[in-house]
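Asker: What follows is a protein structure lacking sequence information:
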């Protein structure tokens, strides 16, 4: 009989355990992809490669794992996270970003984020939208390095989302191979997470 001992166990809780609210809108620094690339180019000249971190938060609904995604506008989806400050450590920076993106402003409701395994590393070779899960051989200085970390959510908590964003729970089967809607990185999450055995609590 086959066993799953080689898989990493990850406890996931039902979405009904969590409460969702809003907080003040988050100002978006870039209004377009070209504006973001331009800002990245300027930062690169003074700070070097952009370093960013993003969080993979998993809940379950209808007995299937769902990923929590932020939606901006009608068609832009992203994982919670963002750019690290110069010299900032990845885990501390991700906690700061999660607090800004998802934690309530009331200190008594704030989440103690438990950051787990790194599930993916991606590299931006040029000031373009494409990122790769490897560093191309001819690139010695990538323009951005992005790491994705699994988050172990508590049994229950309160999420507060900036009012200009939405927090959606999207099933893994909806993400799989759906690059047209979610982009290659998010569409690749089902493959990245295949080494986990999700244990429904």
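Answerer: Happy to help now that I have it. Predicted, not measured: the structure shown is a model, and the values here were computed from it. Numbers count the residues shown, from 1 in each chain.

Asker: so who does residue 102 touch?
Answerer: By C-beta atoms under 8 Å, 6 or more residues apart in numbering, residue 102 lies in contact with 80, 111, 159-161, 167. Using the backbone N, CA and C atoms, a C-beta is placed for each residue, glycine as well.

Asker: Which strands or helices does the host helix or strand of residue 168 pack on?
Answerer: If you go by DSSP states H and E, residue 168 is part of strand 166-171. The contact analysis (3 or more C-beta pairs under 8 Å, 6 or more residues apart in numbering; DSSP states H and E) places strand 166-171 against strand 50-61, strand 64-72.

Asker: tell me which residues in the first one are buried?
Answerer: It stands for strand 50-61. Neighbour-count burial for strand 50-61, counted by 16 or more other C-beta atoms under 10 Å, picks out 50-60.

Asker: ok, back up a step: among the contacts of residue 102, which has the minimum pLDDT value?
Answerer: Across the set of those, residue 111 stands lowest in pLDDT, at 93.

Asker: what comes up buried for the longest helix belonging to the chain?
Answerer: For the chain, the helix that runs over the most residues, judged by DSSP state H, is helix 33-47. Residues of helix 33-47 classed as buried: 37, 40, 43 (neighbour count, 16+ other C-beta under 10 Å).

Asker: Tell me how far stretch 155-174 lies from the chain's centre.
Answerer: 11 Å (C-alpha atoms, centre = their mean, to the nearest Å).

Asker: for the helix or strand of the chain with the lowest mean pLDDT, packing partners?
Answerer: Within the chain, no helix or strand scores below helix 33-47, which has a mean of 89 by mean pLDDT, DSSP states H and E. When contacts are defined as 3+ C-beta pairs under 8 Å, 6+ apart, helix 33-47 packs onto strand 50-61.

Asker: Off-centre distance for the strand it packs on?
Answerer: The answer for strand 50-61 is 3 Å, by C-alpha atoms, centre = their mean.

Asker: Contacts only, for the closest residue to residue 103 other than its chain neighbours.
Answerer: Leaving aside its sequence neighbours, residue 103 sits nearest to residue 110 (C-beta to C-beta, 6 or more residues apart in numbering; 4.7 Å). Residue 110 sits next to 99, 103-104 when contact means C-beta under 8 Å, 6+ apart.

Asker: Most neighbours among the residues you listed, please name it.
Answerer: Using other C-beta atoms under 10 Å as the neighbour test, the contacts of residue 110 are led by residue 103, with 21 neighbours.

Asker: And that one, its phi and psi?
Answerer: The phi/psi pair for residue 103 (degrees, to the nearest 10) reads phi -80, psi 140.

Asker: doesn't residue 112 make contact with it?
Answerer: No: using C-beta atoms under 8 Å, residue 103 is not in contact with residue 112; the gap is 9.8 Å.
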